[in-house]
Structure formats: structure tokens, C-alpha cells
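**Q** pasting a predicted model and its sequence here:
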Amino acid sequence: MAGPDKGFSRWLLATNHKDIGILYLWFSFAMFLLGGSFAMVIRAELFQPGLQLVDPNFFNQMTTMHGLVMVFGAIMPAFVGLANYMIPIMIGAPDMALPRMNNLSFWILPFAFAILASSLFMEGGAPNFGWTFYAPLSTTYAPPSVTFFIFGVHLMGISSIMGAINIVATIFNLRAPGMTLMKMPLFVWTWLITAFLLIAVMPVLAGAVTMMLMDIHFGTSFFSAAGGGDPVLFQHIFWFFGHPEVYIIILPAFGVVSEIIPTFSRKPLFGYASMVYATAAIAFLSFIVWAHHMFTVGMPLVGELYFMWATMLIAVPTAAKVFNWITTMFKGALTFETPMLFCIAFVFLFTLGGLTGLMLAIAPADMQYHDSYFVVAHFHYTMVAGAIFSISASVYYWLPKWTGRMYNETMGKVHFWIAFIGFNLTFFPQHFLGLAGMPRRIPDYSIQFADFNMISSIGAFTYGLAQLIFLFNIIRTIYFGEKTTEEQTWESARGLEWTLPSPLPFHTFERPPAIK
């Protein structure tokens, strides 16, 4: 194994879980900026009605690439990076169970996304059919680059499955003596359940893109009605992957928030066991609600009723988690450092996203909301205010532990407030646009939507600016941050003993004194 002084080979041949975690986190941040730049193109075009900046086909390429890069390149690798770095520490393991596979699972990703990004420069341009790549649009009318897109998706899936297997093997085999499953930190629990979801659904996505490949190159008709296939089959397969996927994205966020809120409330997490069971219930239900994305395809009434009720049911364990977070804060000795600000915003905004999700679950109402900007607003309130806010919180929370240096708290709070205001300016008006009838994924729109779109675009550029402040703060911390000791990191404020095995479960510590 390469030593820490070996320069580039340290990272290329890394088998240390911390090094691989750092690689994942920096890669995901680079993808976050790339995907964000695609979003800036979208919002610049929509700043005012009329076609002004980009060709409509290029606009469609931007919507496709933004979704794919953000979901598969930014959010998922960021959480895998957090898992790699923190899970062995949290369970008292010396490293991940399969360190060489861990290295491979990371190094597949840059090549997968290089292939995807290179499609922008190919003849016919990048994929232009939206991040859900519905067939037959993505098989019959797609540019030649769709083949490279399929190969890139396969590579991402292989990486995700290997990472998930590694996490399961680590948690089951390398826990410290005395660290039973019900003593594990919530972040470890949420990732264990997420890893099982990944192993279950990534092969489904692989099957969907393989059938696409066969339709394009080998004369099959899986999704072509002309050859006896069914375009709706693609939607069933895609969403059987796609709905658990959104919980793969949000469950680790629940874990992060369940670690941070108790710290800054100076209280144990309320209802630890119920949080574990709620997470498992959400994961199970995520498999049986996929067709709520498909209320407009013409399914039988009994099917609509089933998916409507099942979708409403998933709100119950989610609400239990929100209740537990709020109850943890209730009568706590709260302080509002940057990680806590992001977590409180997470609870508030994610709950709002959940409520709009309940609206979308009602089949007859969804007939009106479907494919409108209301849907865009809904899932950005869960994905951005959910996943991205929690990732920001986790970086501020654990950065002093990772680097031995303290970030600039004032700059962190400036980042939070600009991001919070920019995010809400961007996506809250989109609820009204959707309810007024503006369809999504269009490069131009009717004049009555102009004002809200202008506000939305201003908010998007504001949110983008906040991320540059975030990047500056991280780099400044690494090189110039005030040095800290183990006792000054946020976990020690919570009274966690990191020299495992611990005599106490993580959720039964005494309330420590307030941070000076």
C-alpha cells in the first residue's frame, strides 16, 4: 500500500477509507459545480420569455445532463464519501471490509462521468430526452451519443453496487465488540438500509438501459409499439428503480440530521428505535409506490387507488422522523452554529416538500400537476433542501474532525443564509408556475409566467453564488483554518466517546455542558 508521502500514487492506489472518502467528496463537489453550471444555462434561458441564449435542442441537453450529473454524480457520491470516511470510525472498524474494491468503486466514477460529459461534444450533441430517458424517445429519436450514455450509466451502477456491498460487509463484520446493531449511530443505520436498496435496484436500471441498447442496435422492440413492445413498460422498469433511488438519496440525509440535531440540542436523539424502524419502513414502502409517477399513462382505476393510498402511507414513517427531530430540539440547550442552521432548514423545507408530495399522491389532482413546474418545485424541495442541505451540514459538522482545523463560522452562516434565500427564491415560485399550468422542460413559455420565472432565475444565480462561498470556506479551512484539538470537534460536545468499544450505546450519553 502506498504511504502518505507518495504523492499522486497515494490517491490512485488508495485503500485507506479516509482517503477514498476524501476522493468521493471532492469528486462529488466537482460534479455539483458542473451540474450547477448546466442549471445556470437553464435558468438564464428562462430568465425572460422568448428564445434568446441557446438552441432548444441544447436546452434539452442541459436539462438531461443537469439531472443525471446531480443525482448520480453529485449527491450519491457525496453520501458514499461520507459513509467511507465516517462509518468505520463510528462502528470502531479499522477500515472498510473490502478496501481494494473500495478503490475500484471510486475510480470507475471519473471515467463514467467523463464518458457522459464527452457526449456534449459528439455529433448530434448530448442526450436530450430528460434525466428519466423515457423510451421510445430515448431509443428511436435519440442522438448517437445515447450509446455512450448507456455505457456511462452501467459504469455508475457497477460503482454503486460495489460501494453498497462494501458498506454492508463492513457494518456486519467489522463492528467493535459490544457495538450491537441497536447501538449503532443513526447515520450507520440509514446507510445500511440504503446499501440494501442500492443492491436491489441498480440491476433494474442496468436492465432498462440494456433493453434500450438492444432496441437501438440489435433490432429488438422492448419499448416500440410498432414491433409489439410497450413504451409504458419502460416507465414501469425505470420507476421501479427510480422511486427507491430518491430514498437512496434522502435516507443518508436523515442519518446526518439525526447525528447533528442532538449535538446542538445538547440532548439524546428522541426515539432512537422508532427512527430505525421508520427508516426500514420507508425503505420497504419505497418499493411498492413506483407507479405514482405514472398516473397519466392510463392505468386501471384499482391501480391508481392502490398507488395513491400506498404513497400516502409513506408519509407516516417520514412524519415520525420529523416529529422525533423536533422533539429532540424541544427544551434543548440549542445553539445555532452553521451545521444546526442547515439541519433546521432541512427539517422545515423537507417537510414542505413532503406536503407537496402528498398533493401529488392524489391521483385526480396529479392529472393537473403532472409534468408541470409544480413537480419540479416538489422534488427540488426534497433533493436540494433535503440532500444538498444535509451534505452541507455534514461537511461543516465533520470538517474540524477531518482537517484538524476550524472553518470560519461567520462565512459558514453567510453561506447558509444566501443559500437558504436563493433556494427559496428559486423553487417556491415554481409551485405557482406549475399550478398556473406551466409545463416543465420547455425552453420558452407564455408571457403570463414571466415574473415568477425571473424571480426563479435570480434565486438560482444567488444559490450558485453561495456554493462558491462554501468552496472558498473549505479551502481556506484546510490551509489557513485555526487549529483545533479532538476535544473541540462537534462530536465531543455531544459527549461521544470515539475510542471504541464504548461502554454505553451512542444514544444514551449524558447531556454535556454547552460549548464555550
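**A** Everything's here; your move. Numbering: from 1, shown residues only.
**Q** ranges for the helices of the stretch 201-350 of the chain?
**A** In the stretch 201-350 of the chain, the helices defined using DSSP state H, counting those that start in this stretch lie at 231-265, 272-286, 301-313, 315-329, 338-361.
**Q** would you format those as JSON lines with mean neighbour count included?
**A** Backbone N, C-alpha and C define where each C-beta goes, glycine included. Shown next, in JSON lines, are those (neighbours: other Cβ atoms under 10 Å):
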{"stretch": "helix 231-265", "mean neighbour count": "23"}
{"stretch": "helix 272-286", "mean neighbour count": "19"}
{"stretch": "helix 301-313", "mean neighbour count": "16"}
{"stretch": "helix 315-329", "mean neighbour count": "18"}
{"stretch": "helix 338-361", "mean neighbour count": "21"}
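**Q** output those helices as JSON lines; include the columns distance to Asn102.
**A** JSON lines is the format used below for the helices of the stretch 201-350 of the chain (distance: least, Cβ to Cβ, whole Å):
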{"stretch": "helix 231-265", "distance to Asn102": "17"}
{"stretch": "helix 272-286", "distance to Asn102": "23"}
{"stretch": "helix 301-313", "distance to Asn102": "36"}
{"stretch": "helix 315-329", "distance to Asn102": "29"}
{"stretch": "helix 338-361", "distance to Asn102": "26"}
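**Q** dump those into JSON lines; add distance to Ala74 and mean pLDDT as well.
**A** What follows is the helices of the stretch 201-350 of the chain, written out as JSON lines (distance: least, Cβ to Cβ, whole Å; pLDDT from 0 to 100):
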{"stretch": "helix 231-265", "distance to Ala74": "10", "mean pLDDT": "97"}
{"stretch": "helix 272-286", "distance to Ala74": "21", "mean pLDDT": "97"}
{"stretch": "helix 301-313", "distance to Ala74": "26", "mean pLDDT": "97"}
{"stretch": "helix 315-329", "distance to Ala74": "23", "mean pLDDT": "97"}
{"stretch": "helix 338-361", "distance to Ala74": "16", "mean pLDDT": "97"}
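**Q** what's the neighbour count on Ile288?
**A** When neighbours are defined as other Cβ atoms under 10 Å, Ile288 has 16 of them.
**Q** which pLDDT value belongs to it?
**A** On pLDDT, Ile288 comes in at 96.
**Q** my guess is it contacts Ala310. True?
**A** Yes. With contact defined as Cβ atoms under 8 Å, Ile288 counts as touching Ala310 (5.5 Å).
**Q** if we can go back for a sec, Phe420 is nearest to which of the helices of the stretch 201-350 of the chain?
**A** helix 338-361 (5.5 Å; Cβ to Cβ).
**Q** could you give the number of residues near Lys6?
**A** Lys6, neighbours per other Cβ under 10 Å, totals 12.
**Q** and it, that's in a strand?
**A** No. Counting by DSSP: H, G, I helix; E, B strand; the rest coil, Lys6 is not part of a strand but coil.
**Q** tell me the contacts of it?
**A** By Cβ atoms under 8 Å, 6 or more residues apart in numbering, no residues touch Lys6.
**Q** wait, what's in contact with Trp107?
**A** Contact analysis of Trp107 by Cβ under 8 Å, 6+ apart lists Leu12.
**Q** buried residues, the helix or strand where it lies. List them.
**A** Assessed by DSSP states H and E, Trp107 sits inside helix 99-118. Within helix 99-118, the residues scored as buried using 16 or more other Cβ atoms under 10 Å are 99, 101-103, 105-109, 112-113, 115-117.
**Q** need the max-distance pair from these.
**A** Counting by Cβ to Cβ, the most remote pair of the buried residues of helix 99-118 is Pro99 and Ala117, 28.4 Å apart.
**Q** how about the CA coordinates for the helix holding Trp107, as PDB?
**A** C-alpha atoms of helix 99-118 as PDB (Å, rounded to 0.1, in the frame of the first residue of the first chain):
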ATOM      1  CA  PRO A  99     -10.500  -1.700   0.700                       C
ATOM      2  CA  ARG A 100      -9.300  -2.600  -2.900                       C
ATOM      3  CA  MET A 101     -12.800  -2.900  -4.200                       C
ATOM      4  CA  ASN A 102     -13.500   0.400  -2.400                       C
ATOM      5  CA  ASN A 103     -10.700   2.000  -4.500                       C
ATOM      6  CA  LEU A 104     -12.100   0.500  -7.700                       C
ATOM      7  CA  SER A 105     -15.600   1.600  -7.000                       C
ATOM      8  CA  PHE A 106     -14.400   5.200  -6.800                       C
ATOM      9  CA  TRP A 107     -12.100   5.200  -9.800                       C
ATOM     10  CA  ILE A 108     -14.800   3.900 -12.100                       C
ATOM     11  CA  LEU A 109     -16.700   7.100 -11.500                       C
ATOM     12  CA  PRO A 110     -14.500   9.700 -13.100                       C
ATOM     13  CA  PHE A 111     -14.400   7.600 -16.300                       C
ATOM     14  CA  ALA A 112     -18.200   7.100 -16.200                       C
ATOM     15  CA  PHE A 113     -18.800  10.900 -16.000                       C
ATOM     16  CA  ALA A 114     -16.000  11.700 -18.500                       C
ATOM     17  CA  ILE A 115     -17.900   9.500 -21.000                       C
ATOM     18  CA  LEU A 116     -21.200  11.200 -20.100                       C
ATOM     19  CA  ALA A 117     -19.800  14.700 -20.300                       C
ATOM     20  CA  SER A 118     -17.900  14.000 -23.500                       C
END
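**Q** any weak-confidence spans in the stretch 351-500 of the chain?
**A** Residue ranges of the stretch 351-500 of the chain with pLDDT under 70: 486-500.
**Q** let me see the ranges of the strands in it.
**A** 405-406, 482-483 (DSSP state E, counting those that start in this stretch).
**Q** any idea which of those strands gets closest to Thr210?
**A** strand 405-406 (46.8 Å).
**Q** now the helix holding Trp107: mean pLDDT?
**A** Mean predicted lDDT for helix 99-118 stands at 97.
**Q** so after that helix, what's the next helix or strand?
**A** Immediately after helix 99-118, counting by DSSP H and E, sits helix 137-140.
**Q** for that following helix, packing partners?
**A** The contact analysis (3 or more Cβ pairs under 8 Å, 6 or more residues apart in numbering; DSSP states H and E) places helix 137-140 against helix 186-217.
**Q** quick one: Thr485 from Pro400, how far?
**A** 9 Å (Cβ to Cβ, to the nearest Å).
**Q** actually Phe234, not the one I typed
**A** On the measure of Cβ to Cβ, Phe234 and Pro400 end up 47 Å apart.
**Q** using CSV, write down the CA coordinates of stretch 36-53.
**A** Taking Å, rounded to 0.1, in the frame of the first residue of the first chain, the C-alpha atoms of stretch 36-53 are listed here in CSV:
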residue,chain,number,x,y,z
GLY,A,36,-25.0,23.5,-11.3
SER,A,37,-23.5,25.2,-14.3
PHE,A,38,-26.0,23.3,-16.5
ALA,A,39,-28.8,24.6,-14.3
MET,A,40,-27.4,28.1,-14.7
VAL,A,41,-27.8,27.7,-18.5
ILE,A,42,-31.4,26.6,-18.0
ARG,A,43,-32.3,29.5,-15.7
ALA,A,44,-30.5,32.0,-17.9
GLU,A,45,-32.6,30.9,-20.9
LEU,A,46,-35.8,31.0,-18.8
PHE,A,47,-35.0,34.5,-17.3
GLN,A,48,-37.4,36.0,-19.8
PRO,A,49,-39.8,34.6,-22.4
GLY,A,50,-38.5,34.2,-26.0
LEU,A,51,-35.7,32.1,-27.3
GLN,A,52,-32.5,34.1,-26.6
LEU,A,53,-29.4,32.3,-25.4
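**Q** and the contacts of that stretch?
**A** Taking Cβ under 8 Å, 6+ apart as the rule, stretch 36-53 contacts 54, 59, 62-63, 65-66, 69-70, 426, 443-447, 449-450, 453-454, 456-457, 460-461, 464, 467.
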